[in-house]
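Visitor: Build me a model from this:
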Amino acid sequence: MRRREPSHALRMCRDFTVTAIMALLIPQLPACNDVHSPAPDSPDASREPTTCPDANGARRAYFGDLHVHTTWSLDAYGFGNTVLDPSDAIAFARGAQIIHPTGAPYAIDRPLDFVALTDHAEFFDLTGACRLDPDNPAWHGRTCRLLRNNPAYALVVLAEAAAGLDDFDVPNTTALSEGRNYVWQRVREIADEGNEPCTFTTFIGYEWTGGTLSGELSGGNLHRNVIFASNRVPAEPFDARRFRNERELWRALEDQCTNETGCDAVTIPHNANQSREGRMWRAENDEAIRLRDRYERLVEIYQHKGNSECSNRNLDPQDPGYDAGCAFESLSLSSPADALRSFNFGGTEPQTDPNMIRSGWQKGLALYEHSATNPFELGVVAGTDTHDSTPGAVSEITFRGHNATFWEADERQRLTLSIENSPGGLTGIWAERNTRASLFAALKRREVFATSGPRITLQVFATHSVDDYCNSPPALAALRTDGAAVPMGGRWQAGSALLVVTATADTVPLDRIELVTVGPASSKVTTITMPRTDAMYLCTTVALPKDSEPTLRYVRAIEQPTPRWTWFACRQRPDLCDAETPLFVEERAWSSPIWFYPVDTERQK
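Guide: Sure thing, here's the model as predicted:
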């Protein structure tokens, strides 16, 4: 591959990046343009059942993980996950026991309903050429031999690529494209093999690692997970080393993933808390607005690297805009490992208001005021971002980290290097059936919610009808068939409304439900129900006024406090804990917003 001349900014950070990576490694060292057509016997969305044995026409909540890395992600391989591939991840998601990279047996307490495979696409070429396909021309080259014999060398490759130096010792670019296509073919095959309509859904996808690996380090994390509706997918993944910004990614999808070919996709930004200078929420021109509007229906609000909802940075607790919920599992990036892991060099400080999701929502509302266009109507999802091939491993009790053996191998590493990390979260999807088609349709319409791990079930509706919803299950169920009611993720353009909210606990009683109201330049949090006794189910209604400006509303359902993973780790290593160690957590769920607009427009998203 031809060496690119790095920019001045990249040259400045290159030496630090590579040196820092090596310092961590030393102790541990010993394309074509058509759409892929599935094989004749592959399951396809077009042949999925239109009903399932347990389906009754009503929508129910399904839980899964939309952010999963396996050994086929180069960083996961470098972190020590050298064996567990996408088929192992699917088996784990379905409840099978695996051997964790740390060597211990590991399983989740309940199977998931769905999973998305989202390995980093940027180094599919080296993974295929050097680790999976012995017939590749690069197999016996120096780079490939180093990768196979010393997995930690993968992190040197990543550091050099982030610094603009990816002059790999391979025979020619054909070897790399062959490696990339080999991995992408296997991803599709494994996802199809693991997909069992009505029982378990696997989505084909990958992560586009923008910012970090696209020459825009000063923007911090601009990553997106690309998830496809079916196995009608482009013949190659669009990675950030070749498609350098989100517009190039979207253009490639628009060109090669079309309705005519049966292909559809969403791109889901994640870790806005590690982005910089508000770049996650760019809308520079009409094309960017149009493409974002088409592909970005969702945003990941929570995962093991923290909460991206909002920030209280530089706010006093007495400030009207202060929201205690913003401090939930907040990532400060204060440790060297955090900064290195995020490649956060230069630019403004992350975890500040311009970078968080609520700021993106507010930018969209402000745009709507002027143009009746809002490209930031984003529903919320959550995931683990596991690099251990362990989707759904969200238990605080059994948490083993999500970075294999690199900096989360045991309690000492987790308490000293990754104390701000958490087990991550899950996505809830309201759908009629557990199939690719039904679940993906719900993702597109944003009828989804996020949790910090527990399987809390949330429902939110806006309606004109006045009924005793909290004491009448038939009336509540009718909201889903009432054409005048709008569920979470929808748009309300009919003046005043009644908001109907229900929350069903998982295993821990609920403490309260909070309503968050967001305008173009303000936000407000109101506790709308708090039970007098332990509550496994909460229901409430709120009369909403006619809004004079574009507004969105979403709810948080919050559990009673329970021990955080650090509580269990500190029992093993009390010498590493002190009075400032966070020992308890208020797990929660976030609904997708409903957008309330003061006037009707012709545009429907």
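Visitor: What segments of the stretch 351-500 of the chain are strands?
Guide: Assigned by DSSP state E, counting those that start in this stretch, the stretch 351-500 of the chain shows strands spanning 379-382, 426-431, 448-451, 457-463, 486-487, 491-492, 497-504.
Visitor: got the contact list for the helix or strand just after the longest one?
Guide: Scanning forward in sequence from strand 497-504 by DSSP states H and E, the next helix or strand is strand 510-518. Strand 510-518 is contacted from outside by 323, 325, 358, 361-362, 365, 456, 499, 501, 503, 523-531, 535-538, 540, 542, 551-561, 586, 593, using C-beta atoms under 8 Å, 6 or more residues apart in numbering. Where C-beta positions appear, they are placed from N, C-alpha and C, glycine not excepted.
Visitor: Dump the strands of the stretch 351-500 of the chain into JSON lines; add distance to Asp255, mean neighbour count and mean pLDDT as well.
Guide: JSON lines is the format used below for these (distance: least, C-beta to C-beta, whole Å; neighbours: other C-beta atoms under 10 Å; pLDDT from 0 to 100):
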{"stretch": "strand 379-382", "distance to Asp255": "26", "mean neighbour count": "30", "mean pLDDT": "98"}
{"stretch": "strand 426-431", "distance to Asp255": "28", "mean neighbour count": "26", "mean pLDDT": "98"}
{"stretch": "strand 448-451", "distance to Asp255": "27", "mean neighbour count": "28", "mean pLDDT": "98"}
{"stretch": "strand 457-463", "distance to Asp255": "36", "mean neighbour count": "23", "mean pLDDT": "97"}
{"stretch": "strand 486-487", "distance to Asp255": "33", "mean neighbour count": "22", "mean pLDDT": "96"}
{"stretch": "strand 491-492", "distance to Asp255": "29", "mean neighbour count": "22", "mean pLDDT": "96"}
{"stretch": "strand 497-504", "distance to Asp255": "40", "mean neighbour count": "22", "mean pLDDT": "96"}
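Visitor: and of those strands, who's closest to Val157?
Guide: strand 379-382 (29.9 Å; C-beta to C-beta).
Visitor: just how off-centre is that closest one within its chain?
Guide: Taking C-alpha atoms, centre = their mean, to the nearest Å, the mean C-alpha location of strand 379-382 is offset from the chain mean by 7 Å.
Visitor: try stretch 576-594
Guide: Mean-position distance between stretch 576-594 and its chain equals 18 Å (C-alpha atoms, centre = their mean).
Visitor: So for it, first residue to last residue, what's the gap.
Guide: Distance across stretch 576-594, first residue to last, is 44 Å (C-alpha to C-alpha, to the nearest Å).
Visitor: what does stretch 446-464 give?
Guide: End residues of stretch 446-464 are separated by 21 Å (C-alpha to C-alpha).
Visitor: so where's the stretch 251-400 of the chain uncertain?
Guide: For the stretch 251-400 of the chain, the stretches flagged by pLDDT under 70 are 314, 333-352.
Visitor: returning to what we had before: save the strands of the stretch 351-500 of the chain as CSV, and put in distance to Gln318 too.
Guide: Compiled in CSV, the strands of the stretch 351-500 of the chain are given as follows (distance: least, C-beta to C-beta, whole Å):
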stretch, distance to Gln318
strand 379-382, 28
strand 426-431, 35
strand 448-451, 29
strand 457-463, 30
strand 486-487, 35
strand 491-492, 32
strand 497-504, 28
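Visitor: Spatially nearest residue to Ala569 (excluding sequence neighbours)?
Guide: Excluding its sequence neighbours, the residue lying closest to Ala569 (C-beta to C-beta, 6 or more residues apart in numbering) is Glu411, at 4.4 Å.
Visitor: Ok, Tyr537 next?
Guide: Using C-beta to C-beta, 6+ apart and skipping residues adjacent in sequence, the residue nearest Tyr537 is Thr504, 5.3 Å away.
Visitor: so who does the one you found touch?
Guide: Neighbours of Thr504 in contact, by C-beta under 8 Å, 6+ apart: Ile456, Thr457, Met536, Tyr537.
Visitor: which residues touch the closest residue to His67 other than its chain neighbours?
Guide: Using C-beta to C-beta, 6+ apart and skipping the chain neighbours, the partner closest in space to His67 is Gly383 (3.0 Å). Shown in contact with Gly383 (C-beta under 8 Å, 6+ apart): Asp65, Leu66, His67, Val68, His270, Glu300, Gln303, Pro391, Gly424, Gly425, Leu426, Thr427.
Visitor: quick one: the fourth one from Phe200, how far?
Guide: Between Val68 and Phe200 the distance is 14 Å, computed by C-beta to C-beta, to the nearest Å.
Visitor: Repeat that for Asn312.
Guide: 40 Å.
Visitor: Could you do Ile108 as well?
Guide: Computed as C-beta to C-beta, the Ile108 to Phe200 distance reads 13 Å.
Visitor: and for these two, which residues touch both?
Guide: Joint contacts of Ile108 and Phe200 (C-beta under 8 Å, 6+ apart) are Ala93.
Visitor: If you count surrounding residues, which of Val68 and Phe200 has more?
Guide: Each of Val68 and Phe200 has its neighbours counted (other C-beta atoms under 10 Å); Val68 has more, 32 against 20.
Visitor: which residue packs closest to the more buried one, ignoring adjacent ones?
Guide: In space, Val68 is closest to Pro391, 4.4 Å off (C-beta to C-beta, 6+ apart).
Visitor: burial of that neighbour, as a residue count?
Guide: Going by other C-beta under 10 Å, the residues that sit close to Pro391 add up to 30.
Visitor: Likewise for Ala475?
Guide: 15.
Visitor: Then Ser308?
Guide: For Ser308, using other C-beta under 10 Å, the count is 30.
Visitor: I'd guessed it sits against Met356; true?
Guide: Yes: with contact defined as C-beta atoms under 8 Å, Ser308 reaches Met356; the gap is 5.9 Å.
Visitor: Which neighbouring elements make contact with the longest helix along the chain?
Guide: Looking across the chain with DSSP state H, the single longest helix is helix 173-194. Applying 3 or more C-beta pairs under 8 Å, 6 or more residues apart in numbering; DSSP states H and E, we find helix 173-194 packed against helix 86-93, helix 124-127, strand 201-203.
Visitor: I'd say Thr581 and Ile419 touch.
Guide: Yes: here Thr581 reaches Ile419: they are 7.2 Å apart, a contact under C-beta under 8 Å.
Visitor: Overlap in contacts, these two.
Guide: Thr566.
Visitor: and these two? which has more neighbours close in?
Guide: Ile419 (21 against 15).
Visitor: Name the nearest residue to the more buried one, sequence neighbours excluded.
Guide: Nearest one to Ile419, counting by C-beta to C-beta, 6+ apart, is Thr566 at 6.5 Å.
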